[in-house]
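Student: please work out how this folds:
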Amino acid sequence: MKLYKKIFSFLFFFSVSIAVLGQDGNKTVNMEDTMRSNGRIYVVVAVMLTILIGLLLYMMRVDRKISKLEKETKQ
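Tutor: Numbering: from 1, shown residues only. The predicted structure is shown next:
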């Protein structure tokens with residue numbers, strides 16, 4: 001369970017730091033405006049979230065399997 005807390009806290013602080021660095025009020029990004037006006041930005045965000053959630057679930061599953069194998073080898 002400690003591993004999950006470390007992973008979640010790392011991802012949280014990493015995302016906060018990227019959000020802070022990514023904000024610059026003076027620049028405009030044409031591609032972002034185009035994707036937002038077409039509604040494609042939501043597709044990109046959905047795909048990214050799907051990939052990240054899939055990776056997180058995969059890591060949790062592998063961790064459980066490893067924990068189970070470690071318990072079996074200790075017995």
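
Student: who are the packing partners of the helix or strand harbouring residue 31?
Tutor: Per DSSP states H and E: residue 31 is located in helix 30-38. When contacts are defined as 3 or more C-beta pairs under 8 Å, 6 or more residues apart in numbering; DSSP states H and E, helix 30-38 packs onto helix 40-74. Quick note: C-beta positions are derived from backbone N, CA and C, even for glycine.

Student: helix 40-74 and the strand or helix carrying residue 9, what's the angle between them?
Tutor: Using DSSP H and E, residue 9 sits in helix 2-21. Between helix 2-21 and helix 40-74, the angle comes out at 160 degrees (axes from the mean of the first three to the mean of the last three C-alpha atoms, to 10 degrees).

Student: count of neighbours near residue 41?
Tutor: 15 (other C-beta atoms under 10 Å).

Student: pLDDT score for the spatially closest residue to it that is not a sequence neighbour?
Tutor: Spatial nearest neighbour of residue 41, excluding adjacent residues (C-beta to C-beta, 6 or more residues apart in numbering): residue 35 at 4.3 Å. Listed pLDDT for residue 35 reads 72.

Student: how close does residue 35 sit to residue 44?
Tutor: 7 Å (C-beta to C-beta, to the nearest Å).

Student: the helix holding residue 31: how far from the chain's middle?
Tutor: 23 Å (C-alpha atoms, centre = their mean, to the nearest Å).

Student: please identify the buried residues of that helix?
Tutor: Across helix 30-38, burial judged by 16 or more other C-beta atoms under 10 Å covers residue 35.

Student: how far off helix 40-74 does that helix point, in degrees?
Tutor: Comparing the axes of helix 30-38 and helix 40-74 via the same axes, to 10 degrees yields an angle of 100 degrees.

Student: run through who's touching helix 30-38.
Tutor: 41, 44 (C-beta atoms under 8 Å, 6 or more residues apart in numbering).

Student: let's see that with 10 Å instead.
Tutor: Contact with helix 30-38 is made by 29, 40, 41, 42, 43, 44, 45, as judged by C-beta atoms under 10 Å, 6 or more residues apart in numbering.

Student: ok, the residue nearest in space to the middle of the chain to residue 72 distance?
Tutor: Geometric centre of the chain, nearest residue: residue 52, 4.3 Å, by C-alpha atoms, centre = their mean. Going from residue 52 to residue 72 by C-beta to C-beta gives 31 Å.
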